[in-house]
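make a model of this:
(one chain, ligands or ions: 1)
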Amino acid sequence: MEATVDKFGLRHHMHFRVECVSASWNEDGFWDVRLRDLMTGTEYARTASILVSAVGGISRPRDVKFPGMDTFQGEMFHTARWNHKYDYRGKRMAVIGNGCSAAQVVPEVARQVAHVTQYARSPQWYHERPNRRFTCFERWCFRHVPLLGRILRLRLFLASDNMVTTYGPGETATRLRLRAEAHARDYIVSTAPQKYHHLLVPEFPLGMLRPFVRRDSSPSPPDRSAGCKRRIFDPGYLESLHLPNVELVPHGIEAIDQTGIVSTDGVKIEFDVIVLATGFDIQRFLAPMEVYGRGGRSLSQQWQESRGAQAYMGTYVNGFPNFAILFGPNTFPAHNSVLFASEVQVAFIAKTLLAPVLDRQLSTVEVKRTAEDQWVSRVHSRLRGGVFEAGCSNWYINSHGRNSASWPGYAADFWKESLKPQRGVFLKTRQSPWWMWYRAKRWMRTTSWTAYGILGLLMLWMMGGQRSGLGIQSSPRLGV
Ligand SMILES: Cc1cc2nc3c(=O)[nH]c(=O)nc-3n(C[C@H](O)[C@H](O)[C@H](O)COP(=O)(O)OP(=O)(O)OC[C@H]3O[C@@H](n4cnc5c(N)ncnc54)[C@H](O)[C@@H]3O)c2cc1C
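Residues are numbered from 1 along each chain as shown. Here you go, the predicted structure:
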């Protein structure tokens, strides 16, 4: 990442330790952006023609309140706000939660703490990580055989993308889920200590959403409407439960006092440090930043009215011109990399907003309300009946029961969708009739010297070819 920043000379465009507090679209057609210097606390404003939010989707800790937590005298922090100055070696640690974060924390800290107690209210499906060590020969091949690394990368991407088939509705998806569930059960039982098997293997299936009607008349599997939590690809967590200093407590938190935690079974344990692995606030996109669009309309108010965040291609919101969101609503591929979705969005924003505005072809680009609504309802109808809407609590579903997070299909489909011509989708304000000239200037400015070199060589080669071609034709004439 550092090397990429240097390669493209981006460093001097970046301002660190500065928070965006709010942004408002003004009557002159610009964004007034309010910023706060986190070092000095000074607030100031900047004006911009385009505003792109890249504040992440899984970065804001979920606000959890346990009775008495403010009275705890030891150290307490959320996994996303890890106190790196705190030396936890030899300490008694509590980890609250059992999602992906806790599964990563427990095996890592277990090597150093005196004791770690994990509070886990409900079980999860754990799967073996399909990672393996590459041999020296394979690594040599990756270095020296052209395209080999890229081919492997593509294979991994396609294999991950194919996992989407286990998340949807329908008989085939259900069968695949049941197969994945059987594998996960075998993995948990063969890896974790026996004393924890009954706590670890979920009662809910990975699993079944609704009974499906078999084509033959054999009885359907029972209807167990659950199985919608995010799957965990085990980073060594189950193995770490064998360690003598690791304890799994299958209870929630009743209260926290000055010295420790009282769990819901009434047992109190004392701790030096409490780690909140309690997850992230996924549904409040962009919060606490406030964004105001045309006529001072608040984005959070608009999203309250639509019963959850929504955006065309997870990127553009009606009433908010020249504004784009990365990692926005309905862009999370549960089975593939978020970064891929974000890269698709970057290319989409560059094509539909950045290039036309920079080239002065357009001064404003805004998605039409109908286009946004149609896109969102199409996405939601595809999500219907999928595994995340099966009724268990998960972070994809908001308080209105709406899934504002997931992209329903293959990650590759999101990319294909971004390539479609965007006819009739945007309200556009034209700017300069000379925009072609500005575009040509931009191309000239941003084309690398290598590209110019290749172009020059190509032209020389073509001119050389033409000259020799003329020579062949002119000889007979000369002879005449
Ligand atoms: C435990 C965990 C595991 C994950 N595992 C995976 C995984 O396996 N695969 C996957 O694809 N994704 C995973 N994710 C999701 C991960 O968040 C994304 O893949 C990736 O980090 C998104 O990059 P981003 O740049 O959009 O956001 P982030 O990396 O979250 O970066 C957002 C940045 O914006 C800053 N910011 C926020 N608000 C403001 C503001 N108002 N003003 C200024 N700056 C602000 C933040 O400080 C942060 O630096 C995981 C996330 C977590 C927490």
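
next one, pLDDT for Ile325 please.
Note on Ile325: pLDDT of 97.

per-residue confidence for the residue in the stretch 301-450 of the chain positioned nearest to the ligand?
When distances are taken as Cβ to the nearest ligand atom, the stretch 301-450 of the chain reaches nearest to the ligand at Val338, 3.5 Å away. Bear in mind the C-beta positions are built from the backbone N, C-alpha and C, glycine included. We have a pLDDT of 91 for Val338.

go on, the one 5 residues further on?
Model confidence at Glu343, expressed as pLDDT, equals 96.

which helix or strand contains it?
In this assignment (DSSP states H and E), Glu343 forms part of helix 338-349.

after that helix, which helix or strand is next?
helix 355-358.

sheet partners, orientation included, of the helix or strand following that next one?
As assigned by DSSP H and E, the chain's next helix or strand after helix 355-358 is strand 362-367. Using DSSP bridges, strand 362-367 pairs in its sheet with strand 426-430 (antiparallel).

what's in contact with the partner strand?
Strand 426-430 has contacts (Cβ atoms under 8 Å, 6 or more residues apart in numbering) with 29, 316, 321, 352, 356, 361-368, 371.

how about a cut-off of 6 Å?
Leu362, Ser363, Thr364, Val365, Glu366, Val367, Lys368 (Cβ atoms under 6 Å, 6 or more residues apart in numbering).

now for the residues you listed: which two are most distant?
Longest distance between any two of the contacts of strand 426-430 is 17.1 Å, between Ser363 and Lys368; criterion Cβ to Cβ.

just the buried residues from the contacts of strand 426-430, in PyMOL please.
A single PyMOL command selects the buried members of the contacts of strand 426-430 (16 or more other Cβ atoms under 10 Å):
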select buried, resi 362+363+364+365+366+367
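
for Gly57, which non-adjacent residue is spatially closest?
Distances taken as Cβ to Cβ, 6 or more residues apart in numbering put Phe327 closest to Gly57, at 4.3 Å, once the chain neighbours are dropped.

what sits against the one you found?
Applying Cβ under 6 Å, 6+ apart, the residues contacting Phe327 are Gly56, Gly57, Ser342.

one more time with 10 Å, if that's ok
53-59, 285, 314-315, 338-339, 341-342, 345 (Cβ atoms under 10 Å, 6 or more residues apart in numbering).

against Met93, how distant is it?
Phe327 sits 31 Å away from Met93, going by Cβ to Cβ, to the nearest Å.

repeat that for Pro244.
Separation of Pro244 from Met93 (Cβ to Cβ) stands at 15 Å.

one more: Asp257?
17 Å.

residue of the stretch 151-300 of the chain nearest the ligand, please.
Counting by Cβ to the nearest ligand atom, the stretch 151-300 of the chain gets nearest the ligand through Met289, at 4.3 Å.

what about that residue, how many residues nearby?
Using other Cβ atoms under 10 Å, Met289 has 17 neighbouring residues.

for it, give me the pLDDT.
91.

and the helices in the stretch 151-300 of the chain, which stretches?
Remark: helices assigned in the stretch 151-300 of the chain by DSSP state H, counting those that start in this stretch are 171-191, 197-200, 237-240, 299-305.

just name the most buried of the ones you listed.
Compared across the helices of the stretch 151-300 of the chain, helix 237-240 shows the largest average neighbour count, a mean of 21 (mean count of other Cβ atoms under 10 Å).

dump the C-alpha coordinates for that helix into CSV.
Extracted as CSV, the C-alpha positions of helix 237-240 are listed here (Å, rounded to 0.1, in the frame of the first residue of the first chain):
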residue,chain,number,x,y,z
TYR,A,237,-9.4,-20.5,17.5
LEU,A,238,-10.7,-24.1,18.0
GLU,A,239,-7.2,-25.4,18.4
SER,A,240,-6.5,-22.7,21.0
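
are there helices or strands packed against that helix, and which ones?
On a contact count with 3 or more Cβ pairs under 10 Å, 6 or more residues apart in numbering; DSSP states H and E, helix 237-240 meets helix 100-110, strand 115-119, strand 126-128, helix 171-191, strand 246-249.

quick one: low-confidence parts of the chain?
By pLDDT under 70, the weakly predicted segments of the chain are 203-229, 386-395, 468-480.

can you pull the residues of it lying near the ligand?
19-20, 54-56, 58-59, 100-101, 289, 326-327, 337-339, 342 (Cβ under 6 Å from any ligand atom).

from those, which would you call buried?
Buried subset of the residues of the chain next to the ligand (neighbour count, 16+ other Cβ under 10 Å): Cys20, Val55, Ile58, Cys100, Ser101, Met289, Leu326, Phe327, Val338, Ser342.

span of stretch 331-340 from start to end?
Its first and final residues considered, stretch 331-340 spans 10 Å by Cα to Cα, to the nearest Å.
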